[in-house]
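# the following comprises the amino acid sequence and a computationally predicted model.
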Amino acid sequence: MLWLFVALKVPLLTLCWLVWWAIKQEPEPDEQGSSDGGQRTRPHPPPRLPRSPRRGPHGEAQLPSPPRTRPVSARARSTTR
């Protein structure tokens, strides 16, 4: 039981040490030569979504309707002998 108590304290102590270390860090110096006004530009333009095909009077003709299938109407055999 004592071993379990000690083993469960290790992650808690590690978390406390990590928070203490993060608080004690000095902030990184800012670059003074940057005069972009605080706006960032994207390095690459956002990807464009593929366009769906245009239908109607300004594009291709309407697709033909799918072939129709008739339901099978099976007849039962007569049971008279």
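Received it, and whenever you're ready, just let me know what you need. Numbers count the residues shown, from 1 in each chain.
# where do the helices sit along the chain?
2-24 (DSSP state H).
# so where's it uncertain?
Low-confidence segments of the chain (pLDDT under 70): 30-38, 53-62, 81.
# okay, now P11: neighbour count?
Look at P11: counted by other Cβ atoms under 10 Å, it has 9 neighbours. (C-beta placed from N, C-alpha, C; glycine too.)
# over to the one 4 residues further on?
Using other Cβ under 10 Å, L15 has 10 neighbouring residues.
# stretch 39-57: how far from the chain's middle?
18 Å (Cα atoms, centre = their mean, to the nearest Å).
# actually stretch 3-20, sorry about that
On Cα atoms, centre = their mean, the centre of stretch 3-20 falls 34 Å from the chain's centre.
# in it, which residues are buried?
Residues of stretch 3-20 classed as buried: none (neighbour count, 16 or more other Cβ atoms under 10 Å).
# before we move on, what about stretch 68-81?
Applying 16+ other Cβ under 10 Å to stretch 68-81 flags no residue as buried.
# okay, that stretch in PDB with CA atoms only?
Extracted in PDB, the C-alpha atoms of stretch 68-81 (Å, rounded to 0.1, in the frame of the first residue of the first chain):
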ATOM      1  CA  ARG A  68     -35.800   2.300 -64.700                       C
ATOM      2  CA  THR A  69     -36.300  -1.300 -63.600                       C
ATOM      3  CA  ARG A  70     -39.600  -3.000 -63.200                       C
ATOM      4  CA  PRO A  71     -40.300  -5.000 -60.100                       C
ATOM      5  CA  VAL A  72     -40.400  -8.700 -60.600                       C
ATOM      6  CA  SER A  73     -43.900 -10.000 -60.300                       C
ATOM      7  CA  ALA A  74     -43.500 -13.700 -59.600                       C
ATOM      8  CA  ARG A  75     -46.500 -16.000 -59.800                       C
ATOM      9  CA  ALA A  76     -46.900 -18.900 -57.400                       C
ATOM     10  CA  ARG A  77     -47.400 -22.300 -58.800                       C
ATOM     11  CA  SER A  78     -50.800 -23.700 -58.500                       C
ATOM     12  CA  THR A  79     -51.100 -26.300 -55.800                       C
ATOM     13  CA  THR A  80     -53.800 -28.400 -57.500                       C
ATOM     14  CA  ARG A  81     -52.600 -31.700 -58.700                       C
END
